[in-house]
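> Structure for this input, please:
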Amino acid sequence: MTPSPNSVPLAVPLPEQDIAQQVNPLVPSAPLPEIDLPANQPTRITPPRPTPPLPEQPLPQLPAPEDLLPTPAPVQPEDLPGDVPATVFVERFNVVGSTVFTEAELAEATAPFSGREISFAELLQARSAVTQLYVDQGYITSGAFIPPQTVEDGVVTIQVLEGSLEEINVTGTRRLNPGYVRSRLALAASTPLNQNRLLEGLQLLQLDPLIQTISADLQAGTRPGTSVLQVEVQEADSFNVQLSADNGRSPSVGSFRRQIQFDQGNLTGLGDALSVGYTNTDGSNEVNASYTLPLNPRNGTLRLAAGRANSEVIEEPFDQLNIDAPSQYYEITLRQPLIQTPTEEFALGFTASRQESQTQIDGEGFPLSLDADEEGRTKVSALRFFQEWTERSSQHVFAVRSQFSLGVDWLGATVSDETADSRFLAWRGQGQWVRLLAPDLLLLVRTDVQFSDSPLVSLEQFSIGGAQSVRGYRQDAILTNNGALFSTEVRVPVLRVPEIQGVLQIVPFIDVGTAWNNPDVELDPSTLIGAGVGLLWQHNDFSARLDWGIPLVDVEGEKRTWQENGIYFSIIYTPF
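Here you go, the predicted model:
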């Protein structure tokens, strides 16, 4: 195998002291141990920048429409026809005040009463036909009436009074600002007021994690054609703590990972969220924090995130080198949904990110990859444009995410004319389809692909191997500039415990990942295939999973840990 240009230094025996001193004069004077590292040893010992997972849960059961918004009686304004004869000849009707329907649609509704002599009762029926046209389309607070008039040339005027919302009263909130609910419902309550649109706005709020239940009632306003919306809200608990343990980190820094996560979804009452997490392995410590602020009623958000980590190589025999790698990242993200319904969302977003890492030996900076400078530092500044689309029902969820990343040489980012640096262009696409075949019987299909126009620093490379990639192999078995992943599994229920809402599922799976580099550098192997079976237990606030993956493509290397033997576990508990 010809090693990747980003991993050459780790793919050969470490140099003797005199060579190391020429490369980096800060190397300690004591000779370094001469250790042969495997040719396929990945160089990423720093944790990757967190990315949001794709949604996996189908649409939860929503309350019945009549529970969210009972249908009021249609508004029928009082007729003021004045003195009219028993019959009147009507050539046509002139409907005024309508912003919803075209003249042709209104003419069609009144056609049965046009071009002939009609009675007073039929005149009222013509008016009712216009009102019914509105009601059938959900405009239940709109109506038509016949104003006092003198009929000339057989033209009768029908006046439309389109319903509007006079006020939105929100009760039941505790910490959540009522304006959070009011502003979102106001978008769905534009004039003319439409029941279907308003119901959709209520359903969106019912799906909001900050709201446990919501219901509304339309009441008559103080003026004709106006209504008052009375909204009752029960807030959900916005604070939770999650404890988790798994063996998902690279064995280089200790695969057994422990994590505690604190989330407050409504920090100040504005619907702003704060998340703080601490992650630990035997060789690493990591802290991540993020703050998300709603910007508008359409759920546009501003997210600030940062994290720091220190990773130490504890894997034998490399632990003799005292290698550690402090790292940190910062990012700011703007995200705006453009389409948002209870079953569909399309959003665009922009992220500016900064990542920094350094590899050290005995506390002194030392380059362990060609994309680092002489002090072992790698700095990446990038602008990322992403698009997200989710479509779901009670039976399935389909989600895709596309992201274009442009590396720039800003803020002292790593720049090199010979090796990978902060200047790059990459695209990553992710997709996931979950189908509920029967109660608790799920089919899950997942894809992930990345393309780049040039070699990438290890912080940006595509990882193949591990619990979230190709099971049966160690985490980051292959790091590459370009790669593709396909994974599918079926979750089959074998035991249900209704008393605690628990279910045990057996999960057969197959994973395939392939990789290629820029420039065209041979990888051996370039494709990993794993198949196996898992057990998944879920009930209330606790879940546990155990997977056993069988590698179908041989990869050289020691198999000291569970992960390297294809065994993966995860335990997640949310006490409150």
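
> and the helix ranked longest in the chain, what does it pack onto?
Scanning the chain for the longest helix, with DSSP state H as the assignment, gives helix 120-136. With contacts taken as 3 or more C-beta pairs under 8 Å, 6 or more residues apart in numbering; DSSP states H and E, helix 120-136 sits against strand 87-90, helix 103-110, strand 143-145, strand 155-161. In this view, the C-beta of every residue, glycine as well, is placed from N, C-alpha and C.

> Just give me how far the shortest one sits from the chain centre.
Distance of strand 143-145 from the chain centroid (C-alpha atoms, centre = their mean, to the nearest Å) equals 45 Å.

> what about the helices in the protein?
Going by DSSP H, the chain shows helices at 17-23, 65-68, 103-110, 120-136, 178-188, 195-207.

> so where's the stretch 51-200 of the chain shaky on pLDDT?
Residue ranges of the stretch 51-200 of the chain with pLDDT under 70: 73-85.

> Wait, Arg184 touches Leu205, no?
Yes - Arg184 lies in contact with Leu205 (C-beta atoms under 8 Å); the separation is 6.1 Å.

> any common contacting residues for those two?
With C-beta atoms under 8 Å, 6 or more residues apart in numbering applied, the contact sets of Arg184 and Leu205 do not overlap.

> can I assume Ser393 is in contact with Gln61?
No - counting by C-beta under 8 Å, Ser393 does not reach Gln61; the two are 11.1 Å apart.

> More neighbours: which of these two?
Between Ser393 and Gln61, counted using other C-beta atoms under 10 Å, the more crowded position is Ser393 (13 against 7).

> quick one: the closest residue to that one other than its chain neighbours and Trp433, what's the gap?
Excluding the flanking residues, the one nearest Ser393 by C-beta to C-beta, 6 or more residues apart in numbering is Leu59, at 5.4 Å. To Trp433, Leu59 is 14 Å away according to C-beta to C-beta, to the nearest Å.

> Quick check on Ser526: phi, psi?
Main-chain dihedrals, Ser526, degrees, to the nearest 10: phi -100, psi -10.

> Mind listing the residues bridging to the residue nearest to Gly277 when sequence neighbours are not counted?
Leaving aside its sequence neighbours, Gly277 sits nearest to Gln261 (C-beta to C-beta, 6+ apart; 4.2 Å). Counting by DSSP bridges, Gln261 is bridged to Gln242, Gly277.

> I'd like the distance between Gln261 and Val276.
8 Å.

> For stretch 289-305, buried residues please.
Neighbour counts over stretch 289-305 (16 or more other C-beta atoms under 10 Å) mark 290-292, 294, 297, 299-301, 303, 305 as buried.

> For the stretch 251-400 of the chain, which segments count as strands?
Taking DSSP state E, counting those that start in this stretch to define them, one finds strands in the stretch 251-400 of the chain at 257-264, 273-281, 284-294, 301-312, 323-340, 344-358, 360-361, 364-365, 377-392, 396-408.

> Lowest average pLDDT across those?
When these are compared on mean pLDDT, strand 364-365 scores lowest, with a mean of 82.

> List the neighbouring strands of that strand plus their orientation.
strand 360-361 (antiparallel).

> ok so, going back, can you pull the buried residues of the longest helix of the chain?
122-124, 126-131, 133-135.

> before we move on, the earlier item: right, and the residue nearest to Ser393 touches Thr341 too?
No - at 10.8 Å, Leu59 does not count as touching Thr341 under the criterion of C-beta under 8 Å.

> Look at these two and report which has more neighbours.
Leu59 (17 against 13).

> For Gln261 and Val276, indicate the residue with more neighbours.
Gln261 (17 against 14).

> Against Leu198, how distant is that one?
36 Å.

> Test of understanding: give the bridge partners of Ala352.
Ile332, Leu383.

> Now do the contacts for it.
Counting by C-beta under 8 Å, 6+ apart, the residues that Ala352 touches are 331-332, 381-384.

> and if we set it to 7 Å?
Counting by C-beta atoms under 7 Å, 6 or more residues apart in numbering, Ala352 makes contact with 331-332, 383.

> and if you look at Gln203?
By C-beta under 7 Å, 6+ apart, the neighbours of Gln203 are 62, 68, 342.

> Give me the pLDDT value at it.
95.

> ok, now the one 10 residues further on?
What the model reports as pLDDT for Thr213 is 94.

> Please tell me how far it sits from Ala186.
Thr213 is 20 Å from Ala186, by C-beta to C-beta.

> go on, Ile323?
57 Å.

> and if you look at Gln355?
From Gln355 over to Ala186 (counting by C-beta to C-beta), the distance is 40 Å.

> ok, and the closest non-adjacent residue to Gln57?
Val397 (6.6 Å).

> I meant to write Arg428 there.
That would be Gln450: by C-beta to C-beta, 6+ apart, it lies 4.5 Å from Arg428.

> just Asp272 next, same as before
Per C-beta to C-beta, 6+ apart, closest to Asp272 is Leu293, 4.8 Å.

> doesn't Leu302 make contact with the one you found?
Yes - with contact defined as C-beta atoms under 7 Å, Leu293 counts as touching Leu302 (4.8 Å).

> the more surrounded of Ile323 and Ala186?
Ile323 (23 against 15).

> which residues touch the residue nearest to that one when sequence neighbours are not counted?
Excluding the flanking residues, the one nearest Ile323 by C-beta to C-beta, 6+ apart is Val313, at 4.1 Å. Applying C-beta under 7 Å, 6+ apart, we find Val313 in contact with 45, 252-253, 283, 319, 321, 323.

> Show me just the buried residues among the residues you listed.
Looks like these have 45, 252-253, 283, 321, 323 buried, using 16+ other C-beta under 10 Å.

> just to revisit the earlier point, might one say that the residue nearest to Arg428 is in contact with Phe462?
Yes - using C-beta under 7 Å, Gln450 is in contact with Phe462, at 4.3 Å.

> Return every residue with contacts to both of those two.
Counting by C-beta under 7 Å, 6+ apart, the residues touching both Gln450 and Phe462 are 482-483.
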